[in-house]
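Student: A structural model of the following input is requested.
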Amino acid sequence: MTSGHRITVEQGSEHVRVVRDGVLLAESRRPLVLRETGCPVRYYLPAGDVRTDLLTRSDTHTHCPFKGDADYWSAPGADDLVWAYPNPEPGVAEIKDHFCFYDAEAV
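Tutor: Predicted structure coming up:
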């Protein structure tokens, strides 16, 4: 990591839910909590806790020098709502097979 930039990933115990237009897209009590310099706290949810059957793979891909290459998925009426790092950088390897939503809520 570059000077001044830090990422931590910890096992969380929060109850995280993602609801879009009244539809439950994900719910987990075993999120990974990712904290990154200059970014909001993000919850990465295990694939088994995400309704992937309700998501459509997007053509969007982004690159983060700290986390790697991200793939995106959309839900009806919400383009690129969720992303994942299929082959994350070694420093954040724990987030492999986890999804992150823009609008996740810890309850």
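
Student: which residues touch S13?
Tutor: When contacts are counted by C-beta atoms under 8 Å, 6 or more residues apart in numbering, S13 touches 29-30. C-beta here means a position set from N, CA and C on the backbone, and glycine is covered the same way.

Student: Tell me which residues touch D71, please.
Tutor: Counted by C-beta under 8 Å, 6+ apart, D71 has contacts 57-58, 60-61, 83-86.

Student: pLDDT score assigned to it?
Tutor: On pLDDT, D71 comes in at 98.

Student: Report the beta-bridge partner residues of it.
Tutor: H61, A84 (DSSP bridges).

Student: with the contacts of D71 in mind, which one is nearest to H98?
Tutor: A84 (6.5 Å; C-beta to C-beta).

Student: State the distance from that closest one to A104.
Tutor: 13 Å (C-beta to C-beta, to the nearest Å).

Student: Likewise for L54?
Tutor: 15 Å.

Student: Same check on R17?
Tutor: 8 Å.

Student: Select the helix or strand of the chain having the lowest average pLDDT value.
Tutor: strand 105-106 (a mean of 73; mean pLDDT, DSSP states H and E).

Student: Determine the set of other helices and strands touching that strand.
Tutor: Strand 105-106 sits against strand 16-20, with contacts defined as 3 or more C-beta pairs under 8 Å, 6 or more residues apart in numbering; DSSP states H and E.

Student: Please compute how far the next helix or strand after the strand it packs on lies from its chain's middle.
Tutor: Heading C-terminal from strand 16-20, the first helix or strand you meet, by DSSP states H and E, is strand 23-28. Strand 23-28 sits 13 Å away from the centroid of its parent chain (C-alpha atoms, centre = their mean, to the nearest Å).

Student: Sketch out the strands for this structure, chain order is fine.
Tutor: 7-11, 16-20, 23-28, 32-36, 42-46, 56-64, 68-75, 78-84, 98-101, 105-106 (DSSP state E).

Student: Roughly how far does V41 sit from R35?
Tutor: For V41, the distance to R35 - C-beta to C-beta - is 6 Å.
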